[in-house]
Every structure is written in C-alpha cells, then in structure tokens.
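A.B. asks: after the sequence you'll find the predicted model.
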Amino acid sequence: MIVLNSSDGATFEVEESVAVQSQTIKHMIEDNCADTSIPLPNVNGVTLARVLEYIKKHAEAKDDEEGLKSFDAEFVKVDQASLFEIILAANYLDIKGLLDLTCQTVADQIKDLTVEEVRAIFNIMNDFTPEEEAKLRNDHAWAFE
Amino acid sequence: MMEWDSNSDASGDDEFVEYEEEEDEVEVGFGSNGFLFSGGGNGGSGPLPFPVDSLLQPAPCGFVVTDALEPDHPIIYVNSVFEMVTGYRAEEVLGRNCRFLQCRGPFAKRRHPLVDSSVVADIRRCLEEGVEFQGELLNFRKDGSPLMNRLRMTPIYGDDEAITHIIGIQFFTEVNLDLGPLPGSVRESARSCDKFRSSLSTFGPVSDGKYNINRGLCGIFQLSDEVISLKILARLTPRDIASVGSVCMRFYELTKNEDLWRRVCQNAWGSETTRLLEAVPGAKRLGWGRLARELTTLEAAAWRKLTVKGAVEPSRCNFSACAVGNRVVLFGGEGVNMQPMNDTFVLDLNSSSPEWQHVKVSSPPPGRWGHTLSCVNGSHLVLFGGCGTQGLLNDVFVLDLDAKHLTWREISSLAPPLPRSWHSSCTLDGTKLIVSGGCADSGVLLSDTFLLDLSMEKPIWREIPVTWTPPSRLGHTLSVYGGRKILMFGGLAKSGPLRFRSSDVFTMDLSEDEPCWRCVTGSGMPGAGNPGGIAPPPRLDHVAVSLPGGRILVFGGSVAGLHSASQLYILDPTEEKPTWRILNVPGRPPRFAWGHSTCVVGGTRAIVLGGQTGEEWMLGELHELSLASNIN
C-alpha cells in the first residue's frame, strides 16, 4: 500500500498497482522516495480523493469498456472550479487518461461557442483594446461565417 | 454591497462631520425611512454622525444606512443615487440586508459566483472588529448588469458605546463584463438604468477594463500554456481556434502557435492529408494557421493554366493520371487509331520547370483505356481494369515511384471483380483500393463494390456485401471523406432499359460492420433523394476532388443540356443537411470538355489534364485549381 499526503494534510491509502497509473508517483516509487508516504503539495484533499476515485475505478474495471465509459461521463459532471483542479492534479500526477478525459470535457464546452460565450462561461476578462478587438474580428471573421 | 451578520463591540471614535447631499431630505429620528441624524433639508443644521470630508467624491455616490441593532442589519435608508444606479427603488430594499446586491437580479437566491468571497469575508471581519471597511466588490443592478462598487463602511456608535448603525458609501463604476441577458429581464428598470449609465460615465471614471475582477475565479487561466494548448485547444476545429483567439490576449498568443495549428489540422483532416500537405514546400511556407483558414474558406482558390515542357506523345485520350506528392503519373490511354496504349509518363511539378518524361519500364502492363490509377502506400500507384486489345481487363498492377528502376508489378489474387472499364476507384486508409461499378462485357452496367487490401503480403479481393445498391452506372466518381467513408456521384446510370446522366449522391461508411449505401438527403422533404441547394447538372466523366475536412468539389464532365461544365460545385456530406453550393473561383477554368483526368497534387492543387470536346483532344492543356495560396 502507498500512502499519499495531500497539500492540506489529508492522508490516503492506495494500492501500489493502482497508484502507478500516475507516472509521477510511479517514478517516485522507483526512485525509492516512497518509504513512508508520498507528499503531494500540489494537490488538495478533495481533489486527490476524486483522482483516486478515478484511478481506482480504472484499475478494477479495466476491461469493462462500457462501464468505464459511463463512469467517465458521470465523473466529469462537476463544477468548473473542481474540473480545473482535477486537470491540474492530473497534469501534475501525470495520469494521461484522466488528463485527456477532463481536457476533452473542457474542449467540448468551448466547441461552437461565440467569443462572448467563451468569456462568460470561463470568467475570462476581455483585455483587448477596442481597436485590437476590431482588428481581430476582421482577421478572424472567417471563423464566424 | 455589504454583508454582515454579526454585531461588533462598541469602540471607536465618534467624529461627526457635515455631509451635504443635494436631493435628500434629512429627517430626525428613526423609522423605516429615517436617519439618525438631525437637521432637515439640504445643509442640515445638526452634526451628522459620520466623517463626511473624506467621503466627498467628485461623482454621485450611493448612500445606505442600516440598523445594526436589528437582526441581520436591515436597510433603513437609501439615497436616490443608490436607487438610480442599482435600479432598485427604496421601497423594494428597505428592511433587507444589503447582500441582495451580490445576487444577479431580483430573483437570484444566492451570491453570484463572480463576487469575490474573500472581500465579503473582509467586510465581515471589519464589522466584527468594529473597524471601517474600504474595498471593492462586484454588485449587480436589478436588471442583472454588473457594477463595481467601491465601498466604504463605517460603524456608528450610540450613547452606550454600542454600534447602532452602519453607514455605507458606494462609488459605483461600470464593469466591462458581458454575462448575457438575465432570464426574464426587468425591462423598465433597465431603461432608466441605461439613461443613468450614460450619465454615470460622464461623472466619474469608468472601469478601465483591465481591472481583473476575477481574482482566481478564472479556472482555465490556472492551467499552464502547455496544457491549454496541447490538451484543450488542440482538440478544437480550425474555426473554433480562430474564434478562441479573439477571446483574450493570452489565447490570442497561444493560437498563433504553428505547432498547435498543425495538430488542429491533423485532427480535422486526418494524418494522411496532413502528411501530404507537409511534403509540399509551398504549404509549409504558408503556415498551418493560414492553410487551415484557406482550406476552410477556399478564399484563395483560383484557376491557373500551367505551362509545362515535353509532351505526352503519341496523342491520346481516355488515359488515367494520378499524383504521388507533387509528381503526376500518366498511364495508357486510347490512341488516334483507337489502339490501347501502354506507356508511362511522369511530370514532376516540384521542379522549377516541369517537363513530361516518358518513363522506360520493363514489361509494362497490357495497353488499355478506361482504366483507373490510384495512389496507395505512400508512393505506389495501382492500376486496375480498363479495355485492352483483347477486351475488358480486371488485372492489377503496382508501380513504386520511389524505386530506383521503375517497374510495374502484377498483383494476382483470387476471385477478382468482373473485367470492366469506366468504373470508379478510390483509396481508403492509404492502403485499400476500392472499385465500383463500370461497364462489363456486352455493355452491361455494374453496381458492385470491391475492396483490395494492398498492405497485405498476398492481397485478396473482397466484395462488399450490401442489401441494396444504387442504380448501376459508369463514368461516376468515388471520393473518400471523413476517414473511411466514400461518396459516389453522378455517372451514366441505368434506369430500366435506358441510361441517364445522374446527379445522385450516395455514401457508404466502411468503418461499420455491415456497410451499406445511403442516399444523401439535404432536403427535409419526405422521399427526397438528393442533397438540397443548387445541384450540379447531371453528368458523367467529371471530376470530383476531396477537400480536407470532408467536402467534395465537383466540376467538368459530359453535362446534359447546355450547362457550363466549368462551374464548381461543393458539397459537405458531414453536414446535418448536406447542401450543394456553388463555388465561384477567379481565373480561367478548362474549356467545356469531358474525359478529363484529374489528380490532386500535394493536397491543395487539382490538376486537370486532357479531356475532349467531341472535336478535339486537349492533351496539351494543363489546368490547375489551386485551393490555397501558392507562394512560389
């Protein structure tokens, strides 16, 4: 069993065979940095719990394609802030499947949106000057045809 | 504006300074409408219980007083500036806690996620400690539009040193934030707000638009450039990327990256097409971003007449040509005396002065016309069928254009399709030859579809079993789109005992377990069998070019009636309702003719060779339809 410590002090136990879905953890184990426990200062407890939920499911139901598909679909039904926390964690922990799944979800949200809609949904500030924006509209007009 | 839910201890100064407000009536005493200051009208006589000097602003301020002794600090007074700016009338807000301003619109129940909760916590802390608060917080008008509230809250102490009231001064500014309409917007307050809004900007500074009100609430910005670009943006279509580039400065910078565009193009058009485009020097200079745009909009498409050296001699028609990268290969054809020819020519369009070269091959395939030539396995050309001196053929020959000594190699396999001519062919996955229809012995028209997997050691012909086929035909075209789908268009089709030129479109998805032919219907009308829009007039021996992204371009051919064959038609079979559209392209197209042989060079140029008008053969003419700008 591997012990993982989140940034806010929560402790999680997980089997090594499951934990190595994270390349980062895998390398730490291989480099013998995992004697007592592995500190993960970049991931908080709530997010780490979710990530572990994912890798546990993907380890135990490895061959159940249909089951995993529906699990994945439900897994990403979280609020935006949590989704980005999971992306950051999946990137830091280097879990390809989880990173691809979550990023595809974000990409699907962006698809076919107008510029204003993207800003609103992701709380992005429009930091162009009116002149810059007018020029961009012109250059990118083909995208909106 | 303010949210406080606890009383604070009494301790603080009690400085009173006069404050003058233009329109308010200052009354003595309390009550639902009252203040605690004395004095009446403007320039009231009594001292006012809050430091006004420091509060005087060059612009109108909102002004709110709440009762700190009552539960949840109800509002007991708001001034008319508050009313005008927020859109809430006094009677709507008296008795309520000010936190409703953090909700977007009168019906929202909770604080809007864009409101910075750390500022709200600050306010609470200041109140608990009995100190003044100054800060900025996002608020919302009654119509849901956002306001930035630069707020100052001061506790007021009564005789017994307990806080009795809280005074809030709000300096409202506009926020450059487009949240879309509020569901069920309140129209009237919006109108009056609009009027005030324009005057607000003449009074005071408008938020300069660079103020980042998000403060950590913009989740996507937490991600690194690498993750955003490679993991999220790379999954979008070319149009989405162009759109995303207009969202903010950071995305603009990310979407300028050529590597990102390359990934996007690869995802949109497939790795085979991208590889092909990469091999073309012109396309590389154009950049993937620009290429994506031009191949999506076709804004740079143009006809050009090409002048090349050398000649294909002896003269002929009904030959077949195919391109490998930038090299065009021509085989066979029908000579002046109707004799089937068996020679091979190569034209290298990479060269600065391209010239037809007659290639000496040992043991060429038997001469033929009405055959097909297709590109497989990168640099190989596969020849099938046609009509030779002994009659119709169904043999297969392959030529490796990159080999040191060019040789045609015969591929023999069991159960080949019926010998035929004027069939159509295309290549799937870059490795499989698909052959369909054509004319068999005794002039019988065929409607079968066969597949030959040339990646195998010993390729075997396999018929694709279907329950229904479109009417049999010759002189039609087969185009590949969307990876493993094929589209059949036009040809001379059987209709009872007769044959008519067709403009029908049929598709088949070869990734399915049991592929079947489907009609492409664009019209919503029941029983409609064809795409909507302006369909090309029925024809055979025309040209169909597959564009990156799945669209098909059709032109030329033997066209029924007096229609011009050089008009370009474009169809996107991946649309929900596929519709024919006309593409107007500058430049001089090839003359009205049929029997053209066309091939696509480098993914972006369609080269049209030869053809006949019934009177003459135009072998000497070479026309190019370039789909993207040529930087030569």
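C.D. replies: Received, thanks.
A.B. asks: all helices in chain A, in order from the N-terminus.
C.D. replies: A:16-19, A:23-30, A:45-60, A:65-75, A:80-93, A:96-110, A:115-122, A:130-139 (DSSP state H).
A.B. asks: just want the most central residue of chain A.
C.D. replies: residue A:87 (1.9 Å; C-alpha atoms, centre = their mean).
A.B. asks: make sure it is actually in contact with residue A:102.
C.D. replies: Yes. Using C-beta atoms under 8 Å, residue A:87 is in contact with residue A:102, at 4.8 Å. For glycine as for every other residue, the C-beta is placed from the backbone atoms N, C-alpha and C.
A.B. asks: contacting residues around the residue nearest to the centre of chain A?
C.D. replies: Neighbouring residues of residue A:87 by C-beta atoms under 8 Å, 6 or more residues apart in numbering or on different chains: A:99, A:102-103, A:106, B:223, B:227, B:231.
A.B. asks: try 10 Å this time
C.D. replies: Contacts for residue A:87 were tallied using C-beta atoms under 10 Å, 6 or more residues apart in numbering or on different chains; they are A:47, A:98-99, A:101-103, A:105-106, B:219-220, B:222-223, B:227-228, B:231-232.
A.B. asks: buried set for stretch A:6-20?
C.D. replies: Within stretch A:6-20, the residues that count as buried by 16 or more other C-beta atoms under 10 Å in any protein chain shown are A:6, A:12, A:14, A:18-20.
A.B. asks: between the two ends of it, how far is it?
C.D. replies: End-to-end distance for stretch A:6-20: 17 Å, by C-alpha to C-alpha, to the nearest Å.
A.B. asks: who's in contact with it?
C.D. replies: Residues outside stretch A:6-20 that contact it (C-beta under 10 Å, 6+ apart) are A:1-5, A:21-22, A:25-30, A:34, A:37-49, A:51-52, A:55-60, A:89, A:93.
A.B. asks: which residue does the stretch 401-550 of chain B bring closest to chain A?
C.D. replies: Scanning the stretch 401-550 of chain B for proximity to chain A using C-beta to the nearest C-beta identifies residue B:549 as nearest, at 13.4 Å.
A.B. asks: name the SS class of that residue, please.
C.D. replies: Secondary structure state of residue B:549, per DSSP: H, G, I helix; E, B strand; the rest coil, is coil.
A.B. asks: looking at it now. What's its pLDDT?
C.D. replies: At residue B:549, the pLDDT value in this model is 81.
A.B. asks: any idea how far it is from residue B:115?
C.D. replies: 43 Å (C-beta to C-beta, to the nearest Å).
A.B. asks: more neighbours, the two?
C.D. replies: The neighbour comparison of residue B:549 against residue B:115 (other C-beta atoms under 10 Å in any protein chain shown) goes to residue B:115, with 22 against 19.
A.B. asks: can I assume the more buried one is in contact with residue B:100?
C.D. replies: No. Counting by C-beta atoms under 10 Å, residue B:115 does not reach residue B:100; the two are 11.7 Å apart.
A.B. asks: before we move on, back to that, mean pLDDT added to the helices of chain A, as TSV?
C.D. replies: TSV is the format used below for the helices of chain A (pLDDT from 0 to 100):
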stretch	mean pLDDT
helix A:16-19	91
helix A:23-30	89
helix A:45-60	94
helix A:65-75	92
helix A:80-93	93
helix A:96-110	93
helix A:115-122	84
helix A:130-139	86
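A.B. asks: and those helices: which comes nearest residue B:378?
C.D. replies: Shortest distance between residue B:378 and the helices of chain A, using C-beta to C-beta, is found for helix A:96-110: 29.5 Å.
A.B. asks: how far off centre is that closest one?
C.D. replies: 7 Å (C-alpha atoms, centre = their mean, to the nearest Å).
A.B. asks: flag every buried residue along it.
C.D. replies: Of all the residues in helix A:96-110, those buried under the rule 16+ other C-beta under 10 Å are A:98-99, A:101-103, A:105-107, A:109-110.
A.B. asks: the residue of the stretch 51-200 of chain B found nearest chain A: neighbour count?
C.D. replies: Ranked by C-beta to the nearest C-beta, the top residue of the stretch 51-200 of chain B for proximity to chain A is residue B:178, at 5.0 Å. Taking other C-beta under 10 Å as the neighbour definition, residue B:178 ends up with a count of 13.
A.B. asks: does it count as helix, strand or coil?
C.D. replies: Quick answer, by three-state DSSP: residue B:178 is coil.
A.B. asks: any idea how far residue B:176 is from the nearest residue to it once chain neighbours are set aside?
C.D. replies: Nearest residue to residue B:178, sequence neighbours excluded (C-beta to C-beta, 6 or more residues apart in numbering or on different chains): residue A:116, at 5.0 Å. Computed as C-beta to C-beta, the residue A:116 to residue B:176 distance reads 12 Å.
A.B. asks: ok, now residue A:12?
C.D. replies: 43 Å.
A.B. asks: over to residue B:258?
C.D. replies: 32 Å.
A.B. asks: between the two, who's got more neighbours?
C.D. replies: residue B:176 (16 against 12).
A.B. asks: wait, that one sits on residue A:126?
C.D. replies: Yes. Residue B:176 is in contact with residue A:126 according to C-beta under 10 Å; the separation is 6.4 Å.
A.B. asks: centroid residue for chain B?
C.D. replies: Taking C-alpha atoms, centre = their mean, the centroid of chain B lies closest to residue B:239, which sits 2.8 Å from it.
A.B. asks: run the chain-centre distance for the helix or strand hosting it.
C.D. replies: Assigned by DSSP states H and E, residue B:239 belongs to helix B:238-244. When distances are taken as C-alpha atoms, centre = their mean, helix B:238-244 is centred 6 Å away from the chain's centroid.
A.B. asks: alright, calling it a day.
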